[in-house]
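Q: pasting the sequence and the predicted coordinates here, then a few questions.
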Amino acid sequence: MIRGKFITLEGVDGAGKSTHIRFIKDYFESRSISYILTREPGGTDVGENIREILLRDEMGPITESLLMFAARNEHIASLIRPNLEKGIAVISDRFTDASLAYQHGGKGVPKELINHLKGMVQAELEPDLTILFDLPVEVSLERLNNTRVLDRFEMQGYDFHQRVRDTYLQLAMENKSRFYIIDSTKNITDIQNEIITIMDKALS
Ligand code: TMP
């Protein structure tokens with residue numbers, strides 16, 4: 001049995017991830033490729049309960065990191081690995097890169113701590129492809145302010161989001177073989193064509 005592809009989607013808040021995820025879903029459906037779409041924090045009953053706490057309650061950055069990884073541990077063990085082993089593609093709306101970008105980059109949690117937790121819950125597991133939806137912070141904050149009620153992370157200020165974006169771009173530089181950056185200021189048709197090209201390549 002060939003292991004399914006593990007694809008993660010990342011980006012600053014407001015980069016249009018949700019719209020592009022609907023398109024990615026259509027891509028898999030129209031080609032009859034078996035897949036599951038999941039998200040972090042969340043993806044399991046335990047993870048979704050942890051998500052509610054994370055998005056709502058104030059807490060220190062280390063507590064936040066530990067909860068992210070507690071949810072991730074459950075997610076990997078009960079959903080991600082079993083599906084990949086069955087040959088099913090797993091598409092996750094965020095994964096560990098988000099902990100590096102938000103908790104380390106945004107909130108200053110030592111990288112060593114995040115990488116230690118990563119080693120504990122992931123072992124050898126890494127995404128085959130990570131699509132980073134990138135957007136200048138000015139644009140992302142403007143989009144966020146015009147849309148909906150913001151969660152605890154989205155309410156953070158300019159500097160926080162700038163650090164998150166910079167960390168994501170740094171991660172993309174350090175992991176060129178799996179990262180693909182999409183410029184989210186481009187028009188939707190160009191972005192969708194780019195997604196098709198990336199997915200065709202990743203799944204070939
Ligand atoms: P979402 O809005 O993309 O569903 O993600 C929820 C928020 O959680 C988002 O602002 C990013 C944040 N987050 C982290 O801070 N660390 C993590 O490890 C993950 C997965 C998400």
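A: Received, thanks. The structure presented is a predicted model; accordingly, all values stated were derived computationally and were not measured.
Q: tell me the mean pLDDT over the helix or strand where Asp166 lies?
A: Using DSSP states H and E, Asp166 sits within helix 158-174. For helix 158-174, the mean pLDDT works out to 97.
Q: burial check on Asp201, number of neighbours?
A: No, residue 201 isn't Asp; it's Lys. Using other Cβ atoms under 10 Å, Lys201 is surrounded by 10 other residues. The C-beta positions use only the backbone N, C-alpha and C, and glycine is treated the same way.
Q: whichever strand or helix holds it - contacts with which helices or strands?
A: Element membership for Lys201 (DSSP H and E) is helix 188-203. Contacts defined by 3 or more Cβ pairs under 8 Å, 6 or more residues apart in numbering; DSSP states H and E place helix 188-203 against helix 17-30, strand 129-134, strand 179-183.
Q: low pLDDT regions in this protein?
A: Within the chain, the set of residues satisfying pLDDT under 70 comprises 148.
Q: near the ligand, which residues of it?
A: Asp13, Arg39, Glu40, Pro41, Met68, Arg94, Ala98, Ser99, Tyr102, Gln103, Phe153, Glu154 (Cβ under 6 Å from any ligand atom).
Q: in strands, which of those fall?
A: Applying DSSP state E to the residues of the chain next to the ligand, the entries found in strands are Arg39.
Q: find the residue at the geometric middle of the protein.
A: Among the residues of the chain, the one closest to the centroid is Arg94, at 1.6 Å (Cα atoms, centre = their mean).
Q: quick check, that residue in contact with Gly43.
A: No - judged on Cβ atoms under 8 Å, Arg94 makes no contact with Gly43 at a distance of 9.8 Å.
Q: now do the buried residues in stretch 59-67.
A: Residues of stretch 59-67 classed as buried: Pro61, Glu64, Ser65, Leu66, Leu67 (neighbour count, 16 or more other Cβ atoms under 10 Å).
Q: identify all contacting residues around it.
A: Here stretch 59-67 makes contact (Cβ atoms under 8 Å, 6 or more residues apart in numbering) with Pro41, Ile50, Ile53, Leu54, Ser99, Gln103, Lys107, Gly108, Val109, Leu113, Ile114, Leu117.
Q: out of these, flag the one nearest to the ligand.
A: If you rank the contacts of stretch 59-67 by distance to the ligand using Cβ to the nearest ligand atom, Ser99 comes first, at 3.6 Å.
Q: can you pull the contacts of the closest one?
A: Counting by Cβ under 8 Å, 6+ apart, Ser99 makes contact with Ser65, Met68, Phe69, Arg72, Ile114, Leu117, Lys118.
Q: circling back to that earlier point, helices and strands around the helix holding Asp166, which ones?
A: With contacts taken as 3+ Cβ pairs under 8 Å, 6+ apart, helix 158-174 sits against strand 129-134, helix 137-145, strand 179-183.
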